[in-house]
Each structure stands twice: as C-alpha cells, then as structure tokens.
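Asker: I'll drop the sequence and a predicted model, then ask my questions.
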Amino acid sequence: MKSTLSIFLFYFVFFTGYSQEKIINNTELINLINRKIDSSDNFYNNGHYSKSLILNIKVLELAKKLNDPSYIRNAHRALGYDFMIVNDSILAKENFENAKIYAKKLNDNLAIGQSYMDLANFHSRSGMNIDLAFKNHDLSIEIIKKSKDTNAITNAHYNAILTSTYYKKYDKGIRYILALKDPAYDSYKADDFWSLEKSFLADYSNKKKNFSKAEEYARASLEYAEHSGQDYEKYDAYNQIAISLYGQHRYKEAYDNRVLSNEYITRA
C-alpha cells in the first residue's frame, strides 16, 4: 500500500489543480480502503471466504471511486482468489483477467508477472488447462525476473512447483527447483517453500525407487512442516515417509507413519 500512497503524494506535489479538500477526501478514502483490505485478508486467512468476498467487492467499488489503477488491480486480484475458493470459476477468471488489464496499465513488471501467476494458479486449480497453467507460470517467472524482486521471483517458482507437485510433473518441478539453487534465494524461502520442495523431491525419489533418499527428503519436509504448522504439508510428509519405509521393507514403521498421515488427511 505504500507504493499507492507514494503515487498519491506524487500527484499532490506535481498537480497544482488538486484542491486541498479533494486531497483530504482521497486520504480518507485510501485509509478506508486499507482498513477493508486488512479485514478481508484476515477473513480469507481464517477461512471466512464469503466475508472476504463481500468486503473485496466493496474495496473494488471504493478503488474505482478513487480511480487508482493499483488499488483496482489489487481488488480484482483478491476477488479472483475469493471466487476461485468458492468454486465460481467464471467470476474468478474474469477478475484475474481484469487484474491483468490494470497491471498492464500500470506498466509494472511485478504486477504483470503476478497476473500471469494468478492465471496459472486458476488454470491449475480448476484443472481446465494444465498446459496453459504451465505456460502462464513460465511467463510469470520470465516477467517477474525483470522486476529484480527476489522475493517475488521465489514466490513465482513456489507456485509453479505447487502445480508440478499436484499434477506429478516431475521434470517441470525439478526444473523450477534447480532454477533457485543459488544460495542467494535461500533466505527468501519460507518454511512452507522448503517443505514443498523437500516433499516434491521425496515423491520424485520414491517414484525412482530411491527409497532411502526419499525418506531423507520426506523427514526434512516434515521438519519444515512442523515449523510452518500447515496440516496438508504434514500429511504429505508423513505419506512420503510411509511410502519410502515400505519400499525399504520397514513395514511396521511404514504403517505407523501412514496412521500419522491419516490424522491430517481430513484437515489437509
């Protein structure tokens, strides 16, 4: 939100026709929008998706009143994820496409790249067009790299690895993981990134019947999952551990870990 406020201040300094009353009104409007964005984020992160959706519709209305492309773009982006999680694929795609239009108006590589990432996630989660999902992932990474935002580059790869994991596209997943092998990216990888990466490599190693290596990766994934606290990551890690132990003929341990994975399956 700081970047949007900076744009507002830029207009204040350089456009002499801007009245003091309008400046005050716009400041109040920006503050109102930011409060609603904070509330909608809180609702979304706590699983209250309908409440998040309703608030983001209001944010979009206010952003259009403010006539700020950055806020409008962010509102459409948030609505895309709101509609996607309540399984309204038509409105989800429509909002992601609208977000991309405003990102291009901003001529901002980071915003444009994120729009392609959002569309990749949409096509991946909806299962409508997996090839298009990967095409958009690759476009997203290529464009975001131009922004030189290391955190955003890392996040774009995380989303691509997530799609690769879901659809068992091992060659693609390995390529995305290797693209971030430079230690310079390590500090930008959160626990959920490390957990996903290790889980993917465990799955890949199990498929290659390299069970001891798979166990090593899966246990590392579990360690990161314990830090991040995500149930679906714990389920995945225990599941990969069980598979690797079964492949090593350690059947009792495999069974015990399968039981542990089942504790998280309904929560995952």
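Answerer: Perfect, I can see it now.
Asker: could you use CA atoms for every contact and neighbour count after this?
Answerer: OK.
Asker: lowest-pLDDT helix or strand in this protein?
Answerer: helix 2-14 (a mean of 35; mean pLDDT, DSSP states H and E).
Asker: need the next SSE after that one, C-terminal direction.
Answerer: Toward the C-terminus, helix 2-14 is succeeded by helix 20-45 as the next helix or strand (DSSP states H and E).
Asker: report the buried residues of that following helix.
Answerer: Across helix 20-45, burial judged by 16 or more other C-alpha atoms under 10 Å covers 27, 29, 30, 33, 36, 37, 39, 40, 41, 43, 44.
Asker: ok, so of these, who is nearest residue 225?
Answerer: Here the nearest of the buried residues of helix 20-45 to residue 225, counting by C-alpha to C-alpha, is residue 44; it sits at 21.0 Å.
Asker: hmm, who's touching stretch 104-122?
Answerer: Applying C-alpha atoms under 8 Å, 6 or more residues apart in numbering, the contact partners of stretch 104-122 are 69-70, 77, 84, 92-93, 96-97, 99-100, 103, 132-137, 139-144, 146-147, 149, 152, 156, 159, 163.
Asker: now do stretch 202-213
Answerer: Contact with stretch 202-213 is made by 170, 214, 215, 216, 217, 218, 240, 243, 244, 245, 247, 248, as judged by C-alpha under 8 Å, 6+ apart.
Asker: what is the nearest of these to residue 57?
Answerer: Using C-alpha to C-alpha, the contacts of stretch 202-213 come closest to residue 57 at residue 170, 38.4 Å.
Asker: circling back: dump the contacts of stretch 202-213 into CSV; add secondary structure and distance to residue 123 as well.
Answerer: Output for these, formatted as CSV (DSSP: H, G, I helix; E, B strand; the rest coil; distance: C-alpha to C-alpha, whole Å):
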residue, secondary structure, distance to residue 123
170, helix, 18
214, helix, 29
215, helix, 32
216, helix, 32
217, helix, 29
218, helix, 28
240, helix, 26
243, helix, 29
244, helix, 31
245, helix, 34
247, helix, 34
248, coil, 37
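Asker: host element of residue 132?
Answerer: Judged by DSSP H and E, residue 132 forms part of helix 130-147.
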